[in-house]
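>>> Need a 3D model of the sequence below.
(4 chains)
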Number of protein chains: 4
Amino acid sequence: MSETIGVVGAGRMGLPIIGHLARKGFRTIAADANGAKKSDVEQRGAQWVPDLASLGRQCSVILVCVGFDREVVELFPRLGARSGSIVAVLSTIHPATVQRLAREATGVHVVDSTVCRGGRAADEGTLLSFVGGPDSVVERLTPVLRAYSSDVVHSGDVGSAQVAKAANNLILWACLIADHEGLALAKRYGLDPERLRAALQLSSATNDALAKWGTQTMAWAEDDMAIVQEMAAECGIALPQAALNRELCRALKPRRYKLDEYGR
Amino acid sequence: MSETIGVVGAGRMGLPIIGHLARKGFRTIAADANGAKKSDVEQRGAQWVPDLASLGRQCSVILVCVGFDREVVELFPRLGARSGSIVAVLSTIHPATVQRLAREATGVHVVDSTVCRGGRAADEGTLLSFVGGPDSVVERLTPVLRAYSSDVVHSGDVGSAQVAKAANNLILWACLIADHEGLALAKRYGLDPERLRAALQLSSATNDALAKWGTQTMAWAEDDMAIVQEMAAECGIALPQAALNRELCRALKPRRYKLDEYGR
Amino acid sequence: MSETIGVVGAGRMGLPIIGHLARKGFRTIAADANGAKKSDVEQRGAQWVPDLASLGRQCSVILVCVGFDREVVELFPRLGARSGSIVAVLSTIHPATVQRLAREATGVHVVDSTVCRGGRAADEGTLLSFVGGPDSVVERLTPVLRAYSSDVVHSGDVGSAQVAKAANNLILWACLIADHEGLALAKRYGLDPERLRAALQLSSATNDALAKWGTQTMAWAEDDMAIVQEMAAECGIALPQAALNRELCRALKPRRYKLDEYGR
Amino acid sequence: MSETIGVVGAGRMGLPIIGHLARKGFRTIAADANGAKKSDVEQRGAQWVPDLASLGRQCSVILVCVGFDREVVELFPRLGARSGSIVAVLSTIHPATVQRLAREATGVHVVDSTVCRGGRAADEGTLLSFVGGPDSVVERLTPVLRAYSSDVVHSGDVGSAQVAKAANNLILWACLIADHEGLALAKRYGLDPERLRAALQLSSATNDALAKWGTQTMAWAEDDMAIVQEMAAECGIALPQAALNRELCRALKPRRYKLDEYGR
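Alright, predicted model coming up:
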């Protein structure tokens, strides 16, 4: 427990992760581009630093929880991570970006460590973490991930945790759309969606999006699917359903769960 | 337990259902257009009759387990069901067909009682039955359904069990395609599909088709989706993902689970 | 010019066809389930008969212009067509239906003779007719078709004119949706759709649906695409774009040409 | 005719454009990252320069004909375009990229001037040029564009030529897929695709991709559609057909025009 953990990004995922780390006894230091996050961070028992360089200097493990590919790339040089430290990218970004950052890093172990199951699981410390990197690094990182994850899966080499997350997202959003189509059709034919939903959870239609019906924000669906499509284009696989789902997500987000509006 | 149960159709679903009924002590009589099924039926402890009229004469509850809309429609007049008897359509057909048969029946209670969860659940007697019809008929039918179903859900009026089944199928096949897309993409990026599949079952991507990966025949996918699309067209709802899924199922069926071939 | 022509169905296509036939000097007899069509028919110089049997008795060539598969099938026996006469199905229906009617007809030549290019071309007598049947029958029929068609294409055996029409419709509706997507996207980026449309007609995007922009009713799009999908299912080809287009047509029809509403 | 024209990129489009410019009497200077293009350029009557800076120094109008967004962005600073000169981007790239380059340029007029109709039209000097920019610049540029374009359309402000090109591409590839689906379906039903194709060109299915059937390379389809989807995502419009078409293009490219393989 001698690692000092830095968390960059105190947003919807970063903040509860900070809380779990501090509660589990890790010395935890956090930074966020938005200075207003300071009190949130401190309330959760972590130390606030105003700049990435101080964070990089003090921490042996740094968790990157910012939103986008570009932000991840831009913060790396400003971090000045210490030799021997681990920088784990929790953000959902293109696997090639993590691989490039890992290749370019000297003396620092860059890995990807994506989180699944959403905001509630983050609050409860029951996230699923995929982690991609060499065994020794993953082993050293695992106790840190366990502070906020009830499951940790070593998915393979650097980048593989992003691939696993991309597959997860692709399927998740596909299910949410399918659930909308199935329930909307049934509603037009007079069935009560809530009763049907309960029954379908007992059946071959069951899926996590159906179980969590009504709670998904779809805040990141477009970004998730943009990464999926870029990956598909790059490796030359055709994913017709995923491509359609991206567009359907875009249209669905503002009217999700409104079954009467679906398909009009 | 004084009901005598007739089962029409001793195929993949009908035969195990016959076995469960007989085992639970119901007097069970079965018929099938294919005379070669006689010994299968008798081995399961049921009585074989060569014609529908004898079955109709002797039974108070008749379960229709044939394959297609047209077969269901054609067998009804030949059944000559007794006044007061229940005829339950287990076949996956258009809800309007069941509703029409129910309207046209005089003195006979026609309901739909669709089964979910597939062949293995039929073998184990753990099917989920949706049943659509008036309370009194459903109540009388329920002990019969319980012989082969671990769950019985009263979905609403006549036809509603078909609607529920259609929604179930729509979602099921959507999930199976999404699983193919997610796993195929991950495989191209070097992940082991079997390990990923295990991990995704812990995550927000989890769905029953993923859990049963490798076992679905897709034998009925085209027929299922044809009904879904007819229903969508008739009520004027647009179901873009379902429509695409129908075509993808058609192409996928002969190469399902062959991830290297997906999307080429 | 000794043929007497019967036209069954005096609707959007039938009525102008009746007019062209009469104007070209054919003795023309028409019937329609809707008796109110009598004066329309007579104004165009044709004779009205109230029942199909009288029409069948008097005519050597009968053009069937009703709307649906079922209507075509139901009118055939009531027609009592004379031995040696030609019955040409102009309606857009499943090719197998025409083939079955042709097989079952004794002494009567049943062919399909579908019409393309829409209502305006019908008014102007500039339709394109596809005709499927034996050479001798097509030869005898051609002068009749020329009365209202500026182009007559012998597409092959009986049923082939329906296949050609199905292919035509599939492409037509695909183009109309693509035009909506292209113009709607450009509009969001500030371009004037009408100027762009004019320019695109000079380019590799040009298509007939773009040229006729603003005039298509889409009245038959759903029925057209339902036939296409049945055909695809029956011959085991996957047509992903066509399947999606069917759903998009369903949603698009009431808001066609409203570019600001597309994709919201 | 006192302008000196620079062309950057002597590829499939650039090379014939260079030829037309020289033939029409423009003093033409060309550069390409690939030095082996020197003799091709000189054979067409233009002067070869080995570096962009010499080209930028000597030319008053510069046409950029390289392949990708990134290449366009990277060559701009190396060009050192003279004050008062016009730099026209012919490459198909994101409209926002051109707009940004135009904003950042000081003393240089950056516009977009996309070309449609493909390689053959480039060879014949019958391209369609869309041009986006201020009236005065477009006016000055038009005689240059006319050297290789039989039609020049002023589409609007800077960026609008890219938008018009994107709409064109979206529709073009949609048509090519629809043509495949229509012809493949008809072929399965026994029709001769070549005869049908000829007939459909007379009908409401007609489109340029059908007329040019067998000649499209689809070399740029993926890149075209990637831009379309980025644009759609950025302006929040859902384009379900276009998204699906992108995936279908990816799968179709290596087997285009092979109708027996479509939809298997």
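>>> Name the SS class of the closest residue to A:Arg120 other than its chain neighbours, please.
Spatial nearest neighbour of A:Arg120, chain neighbours left out: A:Thr215 (7.4 Å); criterion: Cβ to Cβ, 6 or more residues apart in numbering or on different chains. In short, each C-beta sits where N, CA and C put it, glycine included. Classification of A:Thr215 using DSSP: H, G, I helix; E, B strand; the rest coil returns coil.
>>> Mind naming the longest helix for chain A?
Counting residues, the longest helix found in chain A (DSSP state H) is helix A:160-188.
>>> Mind checking what helix or strand follows that one in sequence?
Next helix or strand after helix A:160-188 toward the C-terminus (DSSP states H and E): helix A:193-200.
>>> Which strands and helices lie in contact with the helix or strand just after that next one?
Heading C-terminal from helix A:193-200, the first helix or strand you meet, by DSSP H and E, is helix A:208-211. Packed against helix A:208-211 by the contact rule (3 or more Cβ pairs under 8 Å, 6 or more residues apart in numbering or on different chains; DSSP states H and E) you find helix A:160-188.
>>> Contact partners for the closest residue to A:Arg44 other than its chain neighbours?
The shortest distance from A:Arg44 to any residue that is not its chain neighbour, by Cβ to Cβ, 6+ apart, is 3.8 Å, and that residue is A:Gly19. When contacts are counted by Cβ atoms under 8 Å, 6 or more residues apart in numbering or on different chains, A:Gly19 is found next to A:Arg44, A:Gly45, A:Ala46.
>>> Tell me the buried residues in stretch A:38-54?
A:Lys38, A:Asp40, A:Val41, A:Arg44, A:Ala46, A:Gln47, A:Trp48, A:Val49, A:Leu52 (16 or more other Cβ atoms under 10 Å in any protein chain shown).
>>> what's the spacing between the helix or strand where the second one lies and its chain's center?
By that I understand A:Asp40. Under the criterion DSSP H and E, the helix or strand holding A:Asp40 is helix A:38-43. Relative to its chain's centre, helix A:38-43 lies at 22 Å (Cα atoms, centre = their mean, to the nearest Å).
>>> who touches that helix?
By Cβ under 8 Å, 6+ apart, the residues outside helix A:38-43 that reach it are A:Ala10, A:Leu15, A:Ile18, A:Ala30, A:Asp32, A:Gln47, A:Trp48.
>>> same check, this time on stretch A:189-204
Under the criterion Cβ under 8 Å, 6+ apart, residues A:179, A:182-183, A:186-187, A:206, A:210-211, A:213, A:259, B:95, B:116-118, B:128, B:130, B:151, B:153, B:155-157, B:159-160, B:163-164, B:167-168, B:171-172, B:208-209, B:212, B:231, B:235 lie in contact with stretch A:189-204.
>>> Distance-wise, check A:Ala242 relative to chain B.
When distances are taken as Cβ to the nearest Cβ, to the nearest Å, A:Ala242 and chain B turn out to be 5 Å apart.
>>> again with A:Ala102
A:Ala102 is 15 Å from chain B, by Cβ to the nearest Cβ.
>>> if you skip the residues just before and after it, what's nearest to that residue?
Looking at A:Ala102 with Cβ to Cβ, 6+ apart, the closest residue is A:Val110, at 3.9 Å.
>>> Surely that neighbour and A:Arg100 touch.
No - applying Cβ atoms under 8 Å, one finds A:Val110 not in contact with A:Arg100, separated by 9.3 Å.
>>> Torsion angles phi and psi at the residue in the stretch 1-150 of chain A that chain B sits nearest to?
Ranking the residues of the stretch 1-150 of chain A by distance to chain B (Cβ to the nearest Cβ) places A:Cys116 first, at 4.2 Å. Listed backbone geometry of A:Cys116 is phi -120, psi 170, with angles given as degrees, to the nearest 10.
>>> Equivalent analysis for A:Leu63, please.
Comment: the main-chain dihedrals of A:Leu63 come out as phi -100, psi 120, following degrees, to the nearest 10.
>>> for it, what are its contacts?
Counting by Cβ under 8 Å, 6+ apart, A:Leu63 makes contact with A:Ile5, A:Gly6, A:Val7, A:Val8, A:Gly14, A:Ile17, A:Ala88, A:Leu90, A:Ser113, A:Val144.
>>> Which residue lies nearest the spatial centre of chain A?
The residue lying closest to the centre of chain A (Cα atoms, centre = their mean) is A:Val115, at 4.2 Å.
>>> For stretch A:137-151, list every residue counted as buried.
Within stretch A:137-151, judged by 16+ other Cβ under 10 Å, the buried ones are A:Val137, A:Val138, A:Arg140, A:Leu141, A:Val144, A:Leu145, A:Ala147, A:Tyr148, A:Ser149, A:Asp151.
>>> ok, A:Ile171 to C:Ala178 distance?
A:Ile171 sits 29 Å away from C:Ala178 when distances are taken as Cβ to Cβ, to the nearest Å.
>>> What of A:Tyr262?
From A:Tyr262 across to C:Ala178, the span is 23 Å (Cβ to Cβ).
>>> repeat for A:Phe130
39 Å.
>>> How about A:Met218?
Noted for A:Met218: a distance of 27 Å to C:Ala178, by Cβ to Cβ.
>>> Same question for A:Leu248.
Taking Cβ to Cβ as the criterion, A:Leu248 is separated from C:Ala178 by 18 Å.
>>> Over to A:Arg44?
Taking Cβ to Cβ, one finds A:Arg44 at 52 Å from C:Ala178.
>>> Between A:Leu248 and C:Ala178, point out the one with more neighbours.
Neighbour totals were compared for A:Leu248 and C:Ala178, and C:Ala178 leads with 30 against 25 (other Cβ atoms under 10 Å in any protein chain shown).
>>> okay, the more buried one: pLDDT?
At C:Ala178, the predicted lDDT confidence score is 98.
>>> How about the one 4 residues further on?
Taken from the predicted model, the pLDDT recorded for C:Gly182 is 98.
>>> Contacts only, for it.
Each residue near C:Gly182 by Cβ under 8 Å, 6+ apart is listed here: C:Leu200, C:Ala205, D:Ala166, D:Ala167, D:Asn168, D:Leu170, D:Ile171.
>>> Which one of those residues is nearest to chain A?
Distance to chain A, by Cβ to the nearest Cβ, is smallest for D:Leu170 among these, at 12.8 Å.
>>> okay but the closest one is in contact with C:Ala178, surely?
Yes - D:Leu170 is in contact with C:Ala178 according to Cβ under 8 Å; the separation is 6.6 Å.
>>> overlap in contacts of the two?
Between them, D:Leu170 and C:Ala178 have D:Ala242, D:Asn245 as joint contacts when contacts are counted by Cβ under 8 Å, 6+ apart.
>>> Quick check: phi and psi at A:Ala242.
Recorded main-chain torsions at A:Ala242 are phi -60, psi -40, according to degrees, to the nearest 10.
>>> Which residues of the stretch 101-250 of chain A lie near chain C?
By Cβ under 8 Å from any Cβ of the partner chain, the part of the stretch 101-250 of chain A that sits against chain C consists of A:Pro240, A:Leu244, A:Glu247.
>>> let's see it at 6 Å
Proximity of the stretch 101-250 of chain A to chain C (Cβ under 6 Å from any Cβ of the partner chain) is limited to residues A:Pro240.
>>> buried stuff in stretch A:194-201?
Burial within stretch A:194-201, assessed by neighbour count using 16+ other Cβ under 10 Å, is assigned to A:Leu196, A:Arg197, A:Ala199, A:Leu200.
>>> Chain B: which of the residues you listed is nearest?
Within these, distances to chain B taken as Cβ to the nearest Cβ reach their minimum at A:Ala199, with 4.4 Å.
>>> Where do the helices of chain A begin and end?
If you assign secondary structure with DSSP H, the helices in chain A sit at A:14-23, A:38-43, A:52-58, A:69-79, A:95-104, A:118-124, A:135-146, A:160-188, A:193-200, A:208-211, A:221-235, A:240-252.
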